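*Asks:* All I have is the shape, not the residue letters:
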């Protein structure tokens with residue numbers, strides 16, 4: 001879970017430069033509709049690009065580099081994204097100017113004044129020793145929302161919910177989802193990237209109806225490319241009755257990419273929360289996460 005707001009700053013620079021540099025943790029949310037995703041891409045609008053420009057402007061730096069807990073795809077939203085950035089301490093401490101705000105609050109306020117309306121900074125704090133937004137995380141939690149023919153489509157939420165015009169069997173979808181829990185090679189549900197593992201530990205995956213909508217809660221130690229939306233796509237095939245409840249697990253056990261697995265649209269997906277270990281375990285967790293996992297036998 002997120003650490004307390006107090007504590008010593010992270011040793012984010014070499015020993016000789018530690019006093020001159022501070023690592024900051026940024027908690028933020030964004031509407032992904034207008035972005036190509038988190039990652040910066042030349043000539044395209046990204047969350048990372050907007051955030052790095054805002055930080056450089058407010059801190060009066062030529063450039064900054066932000067590390068994020070989970071790189072969301074184009075069109076995917078976030079309520080509980082976490083990032084970190086290493087900046088000169090002098091620039092950070094100068095942020096309040098003539099105001100009485102502490103540096104962290106001054107930076108949050110000034111960032112919100114510079115960033116576009118579809119990005120919001122919830123909190124800025126000095127990171128604890130050993131904190132890494134990406135590698136210290138122990139899990140990420142996503143939510144996907146679908147409205148089927150049994151529900152009531154709200155046009156005001158069309159950018160956050162998938163409209164599915166046929167009725168879905170939520171009990172069958174939930175049973176299929178729970179059959180995928182545990183540590184596995186999720187190659188069947190990932191778009192593999194060179195040099196990256198597809199082995200993940202799926203901690204929670206289930207479906208339920210909430211106010212007429214179908215909501216999936218998906219939590220894992222990490223996710224590979226398109227994994228959550230592929231899991232949703234498989235669930236929809238079960239819910240429609242096109243697949244048996246056992247088929248998603250059969251595809252998982254085959255450990256191969258299958259063209260029958262469709263990737264659900266991005267707009268129904270939200271990164272809700274990122275979890276971290278106790279304060280004293282941040283550095284150790286980061287070291288473990290950086291190591292490549294071996295295939296599950």
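*Replies:* That came through fine. Keep in mind that what you see is a predicted model, and the values were worked out from it rather than measured.
*Asks:* ok now do the closest residue to residue 30 other than its chain neighbours, which residues does it touch?
*Replies:* Excluding the flanking residues, the one nearest residue 30 by C-beta to C-beta, 6 or more residues apart in numbering is residue 119, at 4.5 Å. For glycine as for every other residue, the C-beta is placed from the backbone atoms N, C-alpha and C. Counting by C-beta atoms under 8 Å, 6 or more residues apart in numbering, residue 119 makes contact with 28, 29, 30, 47, 50, 51.
*Asks:* Number of residues surrounding the fourth one?
*Replies:* Using other C-beta atoms under 10 Å, residue 47 has 30 neighbouring residues.
*Asks:* same thing with the fifth one?
*Replies:* Other residues within reach of residue 50, judged by other C-beta under 10 Å, total 19.
*Asks:* these two touch, right, it and residue 116?
*Replies:* Yes: between residue 50 and residue 116 there is a contact at 6.2 Å, judged by C-beta atoms under 8 Å.
*Asks:* if we can go back for a sec, I'd like the distance between the residue nearest to residue 30 and residue 97.
*Replies:* Distance of residue 119 to residue 97, given as C-beta to C-beta, to the nearest Å: 23 Å.
*Asks:* quick one, strands of the protein?
*Replies:* 21-30, 66-68, 77-88, 119-126, 139-147, 162-163, 182-185, 199-210, 213-220, 269-275 (DSSP state E).
*Asks:* Now render the ones you listed as JSON lines, adding distance to residue 260.
*Replies:* Supplementary listing: the strands of the chain in JSON lines, determined by distance: least, C-beta to C-beta, whole Å:
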{"stretch": "strand 21-30", "distance to residue 260": "32"}
{"stretch": "strand 66-68", "distance to residue 260": "32"}
{"stretch": "strand 77-88", "distance to residue 260": "27"}
{"stretch": "strand 119-126", "distance to residue 260": "37"}
{"stretch": "strand 139-147", "distance to residue 260": "19"}
{"stretch": "strand 162-163", "distance to residue 260": "19"}
{"stretch": "strand 182-185", "distance to residue 260": "18"}
{"stretch": "strand 199-210", "distance to residue 260": "19"}
{"stretch": "strand 213-220", "distance to residue 260": "19"}
{"stretch": "strand 269-275", "distance to residue 260": "21"}
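*Asks:* Turn those into CSV, columns for distance to residue 253 and mean pLDDT.
*Replies:* Shown next, in CSV, are the strands of the chain (distance: least, C-beta to C-beta, whole Å; pLDDT from 0 to 100):
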stretch, distance to residue 253, mean pLDDT
strand 21-30, 36, 98
strand 66-68, 32, 98
strand 77-88, 32, 98
strand 119-126, 40, 98
strand 139-147, 23, 98
strand 162-163, 27, 97
strand 182-185, 8, 97
strand 199-210, 14, 97
strand 213-220, 18, 98
strand 269-275, 25, 98
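*Asks:* Distance-wise, check the spatially most central residue of the chain relative to residue 275.
*Replies:* Centrality entry for the chain: nearest residue to the mean C-alpha point is residue 70, 3.7 Å, by C-alpha atoms, centre = their mean. Distance of residue 70 to residue 275, computed by C-beta to C-beta: 11 Å.
*Asks:* Identify the contacts common to those two.
*Replies:* With C-beta under 8 Å, 6+ apart, residue 70 and residue 275 have common neighbours 137, 140.
*Asks:* Grab the two from the contacts of residue 119 that are most spread out in space.
*Replies:* Maximum pairwise distance among the contacts of residue 119 (C-beta to C-beta): 13.0 Å, between 29 and 50.
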